[in-house]
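**Student:** Pasting the sequence and the predicted model now:
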Amino acid sequence: MFFFIHFPEIIGLFFDDSGNLQNVRQMAISRETLKIIDQIGIGNTFSEYPEQEIARLMQKTEFVPAQISIKKFFLPDKCFGIKDYPDHCQDVRLHPQAFSNEEKEHVNEQIQRWNKEGQFVLWLNEQNNLWIDKTGLVVAS
């Protein structure tokens with residue numbers, strides 16, 4: 001299980017033992033937390049009081065702490081998930097005629113490096129994504 005905020009909801013992602021996304025559950029942020037958000041803002045609320053809302057959701061979903069490995073998935077309506085490569089690489093691969101030979105060569109080299117290093121892209125929303133290596137280290141944002 002993995003939670004993320006997609007205001008005004010918290011989204012719960014549920015994975016099977018093999019790491020496949022099985023279920024997406026949208027849960028309302030509690031009234032108590034919404035009151036705190038109104039007072040101090042969403043960023044401050046989840047920085048200062050994250051345990052309250054997360055504890056509520058963990059109890060509600062019968063969460064059991066454990067390390068998980070997950071496979072690639074993407075939720076287009078939330079713009080959240082894991083992709084193999086940055087979008088510009090996909091653009092070049094899908095529409096090679098629209099790019100110069102130099103651009104295509106650069107992207108091919110980048111893809112080879114990404115595959116070798118086990119990198120992937122974690123999309124957090126439309127504007128924010130993280131480039132992550134196979135150890136979980138963020139290498140770019």
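**Tutor:** That came in fine, so what should we check first? Here the structure is a predicted model, which is why all the values come from computation and not from measurement. Numbering: from 1, shown residues only.

**Student:** Now do the helices in this structure.
**Tutor:** Counting by DSSP state H, one finds helices in the chain at the ranges 31-40, 42-48, 50-60, 87-94, 101-117.

**Student:** and of these, who's closest to residue 5?
**Tutor:** Ranking these by proximity to residue 5 (Cβ to Cβ) places helix 42-48 first, at 6.6 Å. Bear in mind the C-beta positions are built from the backbone N, C-alpha and C, glycine included.

**Student:** Check the burial of the residue nearest to residue 82 when sequence neighbours are not counted by counting its neighbours.
**Tutor:** Among residues not flanking residue 82 along the chain, residue 72 sits closest, at 4.8 Å (Cβ to Cβ, 6 or more residues apart in numbering). Other residues within reach of residue 72, judged by other Cβ atoms under 10 Å, total 13.

**Student:** again with residue 128
**Tutor:** Neighbour count for residue 128, taken as other Cβ under 10 Å: 11.
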